[in-house]
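Q: Predicted model and sequence below, questions to follow.
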Amino acid sequence: MRYDTLIIGAGLSGLAAGIRLAHFEQAVCVLERHTTIGGLNSFYRLRHRNYDVGLHAVTNFTPKGTKTGPLSRLLRQLRFAWDDFQLVPQVGSRVDFPGKSLRFNNDFELLTSQVAAEFPAQVDGFRQLAEFLAAQELGVVTDPDLTARPVLQRYLSDPLLIDMLLCPLMFYGSPTPDDMEFTQFAIMWHSIYREGFARPREGVRLIMRQLVKRYRELGGELRLRAGVKSILRDGARAVGVELDNGEILEADRILSSAGLVETLALCGTQPEVGEAPPRPAPGEITFVETIHTLDCQPADLGHPETIVFYSNRPDFRYANPAAPCDLDSGIICSPNNFQYDEPLEEGAIRITALANKDYWMQSDEAAYTAAKQHWSDQITQAASGHVPDFRARTVDTDMFTPRTIRKFTGHINGCVYGAPRKCWEGTTPLENVYICGTDQGFLGIIGSMLSGIGIANRYALRAT
């Protein structure tokens, strides 16, 4: 069968691209290797409970009626109403380092006042930094080698404040050890500090369900259990794909959310077109996450914050750790602590920590299961200084690892944020194969969907 566009991966970016193309009556098919949708932002049911894999919070939140910004642009492009995603703002979050804490919410002035209180000698520089970043055109790469730390050091002289500001942004979007590409940093600063966090009461399920419903209403085809074995090409052009079952599908173009390194592997050897760039390196930053279900609300235990980003050492390290898990830093998220009209039925605490990418790929199932239990206990203990001890109120626990991420996304090394060098233009050595999603450069729930929309607009709609 022949399509105008084939899309590899039924995650947020792939489905958003599919909606955009189906709206303009393209023959489009989204191909997904697994039995469910979602990719990095998937969900599952275990022991009669629903779990989100990726979603802590939706970034880029703005209130209903806002006419500008990424969320408003997304809703217009996909023809959704603001209420379709049922986003509820956070209560408030915190960055915890030894001897210092910074609170922030969806009002940037709170963070500014916290910097003034905790780092009074730095607040003027902080305001100048904020003005500089507000003037940046988001997603436009002026210097691909520029990273965040040198920019921060122009305005701030306290390394502790620099690390505290970087901590949430790196945890939620950096594939680069101990730093961030500046373009990515500017995007994350805006999406987390300037706009902020929200969440649907039902979690990522609601968003995914709305995307699939709209896509199918527009005539788009979604095929599960349809993994792509290889991208077929004729010289410098792709002509279709071969599926895992041997079926051949033809297409005028291919959009891939599988990741840049992974997509190039599907293409086989690079085509000999001019001076093709060397293959990009896969990422090395990845995580484990343990999810605790409680018999009470976290706020009832004295934990009202939505998300706590913490480091137990003043010099924050963000890298592939030598140990199976990094016990010095992490994220504590409570899906309960958003401004819902009614509380969620059960409490939950999610603790995320940096993980050694190689350790968790071990194949011995018994050793893997035992390691999950051991390290779940260890990271929970390490985080206990930043939240009230909730362990006696835990009624169920689950954990996912880099091995889980690799299984359900195909990402090499099980890395969440993909390759360190992003493919901002979305192009590949094949002239009609394009990258959307994580490795195109826009991360998070809203960013991923905008990536799919942008690549579809630029390469699949303007070409018709």
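A: Sure, I can see it.
Q: From now on I want contacts and neighbour counts done on CA atoms only, so please keep to that.
A: OK.
Q: For residue 410, give me its contacts.
A: Applying Cα atoms under 8 Å, 6 or more residues apart in numbering to residue 410 gives the contacts 258, 262.
Q: The closest residue to residue 118 other than its chain neighbours: neighbour count?
A: Counting by Cα to Cα, 6 or more residues apart in numbering, residue 118 lies nearest to residue 100, which is 7.1 Å off, once chain neighbours are set aside. Neighbour count for residue 100, taken as other Cα atoms under 10 Å: 13.
Q: Show the pLDDT at residue 100.
A: For residue 100, the pLDDT comes out at 97.
Q: residue boundaries of the strands in the stretch 151-300 of the chain?
A: Ranges of strands in the stretch 151-300 of the chain, per DSSP state E, counting those that start in this stretch, are 198-200, 221-223, 228-234, 237-243, 248-256, 287-294.
Q: Can you lay out those strands as JSON lines showing mean neighbour count, mean pLDDT and distance to residue 111?
A: Formatted as JSON lines, the strands of the stretch 151-300 of the chain follow (neighbours: other Cα atoms under 10 Å; pLDDT from 0 to 100; distance: least, Cα to Cα, whole Å):
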{"stretch": "strand 198-200", "mean neighbour count": "24", "mean pLDDT": "96", "distance to residue 111": "17"}
{"stretch": "strand 221-223", "mean neighbour count": "18", "mean pLDDT": "98", "distance to residue 111": "43"}
{"stretch": "strand 228-234", "mean neighbour count": "18", "mean pLDDT": "96", "distance to residue 111": "45"}
{"stretch": "strand 237-243", "mean neighbour count": "20", "mean pLDDT": "97", "distance to residue 111": "48"}
{"stretch": "strand 248-256", "mean neighbour count": "22", "mean pLDDT": "98", "distance to residue 111": "38"}
{"stretch": "strand 287-294", "mean neighbour count": "24", "mean pLDDT": "95", "distance to residue 111": "27"}
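Q: and residue 385, how many neighbours?
A: Using other Cα under 10 Å, residue 385 has 12 neighbouring residues.
Q: how far away is it from residue 98?
A: Distance of residue 385 to residue 98, given as Cα to Cα, to the nearest Å: 11 Å.
Q: lowest-pLDDT helix or strand in this protein?
A: The weakest-scoring helix or strand in the chain, judged by mean pLDDT, DSSP states H and E, is strand 43-46 (a mean of 74).
Q: After it, which helix or strand is next?
A: strand 49-52 (DSSP states H and E).
Q: Now do that following strand: everything it contacts.
A: 41-45, 203-205.
Q: rewinding a little: any idea what the residue nearest to residue 118 is bridged to?
A: residue 97 (DSSP bridges).
Q: surely it meets residue 117?
A: No: in this structure, residue 100 is not within contact of residue 117 by Cα atoms under 8 Å, at 10.4 Å.
Q: Could you pick out the buried ones from the contacts of strand 49-52?
A: Buried members of these, counted by 16 or more other Cα atoms under 10 Å: 41-43, 203-205.
Q: Adding distance to residue 424, write the strands of the stretch 151-300 of the chain out as a markdown table.
A: Shown next, in a markdown table, are the strands of the stretch 151-300 of the chain (distance: least, Cα to Cα, whole Å):
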| stretch | distance to residue 424 |
| --- | --- |
| strand 198-200 | 26 |
| strand 221-223 | 26 |
| strand 228-234 | 21 |
| strand 237-243 | 20 |
| strand 248-256 | 14 |
| strand 287-294 | 24 |
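Q: Relative to residue 321, which of those is closest?
A: Minimum separation from residue 321 across these (Cα to Cα) falls at strand 287-294, 10.2 Å.
Q: Now do the helix or strand following that closest one: which elements does it pack against?
A: Using DSSP H and E, the helix or strand that directly follows strand 287-294 along the chain is strand 307-311. With contacts defined as 3 or more Cα pairs under 8 Å, 6 or more residues apart in numbering; DSSP states H and E, strand 307-311 has these neighbours: strand 93-97, helix 159-171, strand 329-333.
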